[in-house]
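**Q** The sequence isn't on hand, but the structure is:
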């Protein structure tokens, strides 16, 4: 049951502050009145308000990006952290984010650091972001680091927006194709079955197979839909487990063209994240550990963990990365050159930019090939269905002649 903070009068000159459990704000007011209290103000406790809004409103990556960008601008303008959080919280349109900001501000006012306040919301802020902020607090560069984190968020948003935009047409094509095939085999073809049976002749194998599929779907289509939904649900649940994610990521890396795209994207993120951490004074060993924890691909995460273990034993990053199965040779060469010249951060940023450009080209090429393949595949399937329907008609005409 929600807990409310209240301030109330217990007599003309006496005030009382406290908390009370109630199903709603109105119920809390009624309870206080039964105690002969006269409520002046009443509000959900911060923790309760946070749970309430997080349950009902989703905080998107765009909300976090705007929050970080605003906080960076206010900090660079000279406003204190508490004052900045207060201003942003009052302007936030998302009630869940507003509750998170209020909780962080109160956490800081209790004496905790900003990085500790962020760490309390690890579902919204990653280990990478918390450690970058922690480093910035010790160097006095909070505004600049917040801007860098916002830049990383912006790149993530641009990447996902590009992928969604590129996949919109193929997904629509697949959905319409599957729906069309389902309607044809389940509701349209059964009307032809009586006609085929009245022909009194053996039907072509293709037609017999189509009739069998149509009869099955027309009788059991609800079970098929429910079965697919259950299978999909169990698959999602499995892929959220550690072993499920690892097996799925391994499977993706075995698909030739997709493997190249994944390697380019993960290499870009590895290099850019590592460069950001090194730039902000995080030791290389700690940086590698953080990068392995925030990797979106479990295979890459394990590979980076092994690199971290080798570097911890005294090897250079270029030496440790040579044994990796997922990083290209040119990445090893550039990191080696960066270590020798003392420009590792610059080399990592070059690697990130290079792989980002190459991944864009690969994705565009993949989608360019995918659309005609889907169209031809769906056309071939629909053509086979039409042929299976027309073959008995052609045979009947041949017999009549």
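**A** Everything's here; your move. Please read all numbers here as calculations on a predicted model, not as lab measurements. Numbering: from 1, shown residues only.
**Q** Show me which residues of the helix or strand containing residue 244 are buried.
**A** Per DSSP states H and E: residue 244 is located in helix 242-253. Of the residues in helix 242-253, those buried by neighbour count under the rule 16 or more other C-beta atoms under 10 Å are 245-246, 248-249, 253. Backbone N, C-alpha and C define where each C-beta goes, glycine included.
**Q** where does this protein have low pLDDT?
**A** By pLDDT under 70, the low-scoring segments of the chain are 1-3, 23-24, 43-57, 193-201, 395-401.
**Q** and the helix ranked longest in it, what other elements does it pack with?
**A** For the chain, the helix that runs over the most residues, judged by DSSP state H, is helix 344-400. Helices and strands in packing contact with helix 344-400 are listed as helix 142-183, helix 205-239, helix 256-279, helix 329-341; criterion 3 or more C-beta pairs under 8 Å, 6 or more residues apart in numbering; DSSP states H and E.
**Q** Just name the most buried of the ones you listed.
**A** Ranked by mean neighbour count under mean count of other C-beta atoms under 10 Å, those are led by helix 256-279, which reaches a mean of 20.
**Q** How about residues contacting that one?
**A** Among residues not part of helix 256-279, those counted as contacts by C-beta atoms under 8 Å, 6 or more residues apart in numbering are 128, 131-132, 135, 148, 152, 155, 159, 252-253, 284, 286-288, 290-291, 294-297, 300, 304, 326-328, 331, 344-345, 348-349, 351-353, 355-356, 358-359, 362-363, 366.
**Q** run the last query once more with 6 Å
**A** Residues lying outside helix 256-279 but in contact with it, judged by C-beta atoms under 6 Å, 6 or more residues apart in numbering, are 148, 252-253, 287, 291, 297, 300, 326, 345, 348-349, 351-352, 355-356, 358-359, 362, 366.
**Q** Mind giving me the PyMOL select for these, buried ones only?
**A** The PyMOL selection below is limited to those of those classed as buried (16+ other C-beta under 10 Å):
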select buried, resi 148+253+287+291+297+300+326+345+348+349+351+352+355+356+358+359+362
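**Q** per-domain residue ranges of this structure.
**A** The domain map for the chain lists 3-44, 54-140, with the assignment taken from automatic domain parsing.
**Q** Let's have the ones you listed in CSV, adding distance to residue 237 and mean neighbour count.
**A** Converted to CSV, the domains of the chain look like this (distance: least, C-beta to C-beta, whole Å; neighbours: other C-beta atoms under 10 Å):
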stretch, distance to residue 237, mean neighbour count
domain 3-44, 33, 14
domain 54-140, 19, 17
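**Q** Can you lay out these as TSV showing distance to residue 259?
**A** Formatted as TSV, those follow (distance: least, C-beta to C-beta, whole Å):
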stretch	distance to residue 259
domain 3-44	50
domain 54-140	25
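**Q** so which of those domains comes closest to residue 211?
**A** Closest to residue 211 of the domains of the chain is domain 54-140 (C-beta to C-beta; 47.2 Å).
**Q** quick check, distance from the closest one to the centre of its chain.
**A** Chain-centre distance of domain 54-140: 20 Å, with C-alpha atoms, centre = their mean, to the nearest Å.
**Q** From residue 349, how far out is residue 328?
**A** Applying C-beta to C-beta, to the nearest Å, the value for residue 328 to residue 349 is 17 Å.
**Q** before we move on, back to that, can you check which of the domains of the chain gets nearest to residue 177?
**A** Checking the domains of the chain against residue 177 by C-beta to C-beta gives domain 54-140 as the closest, at 30.8 Å.
**Q** what about residue 15, helix or strand, and which?
**A** Residue 15 is part of strand 14-21 when elements are defined by DSSP H and E.
**Q** Pull up the pairing partners for that strand, direction included.
**A** strand 3-11 (antiparallel) (DSSP bridges).
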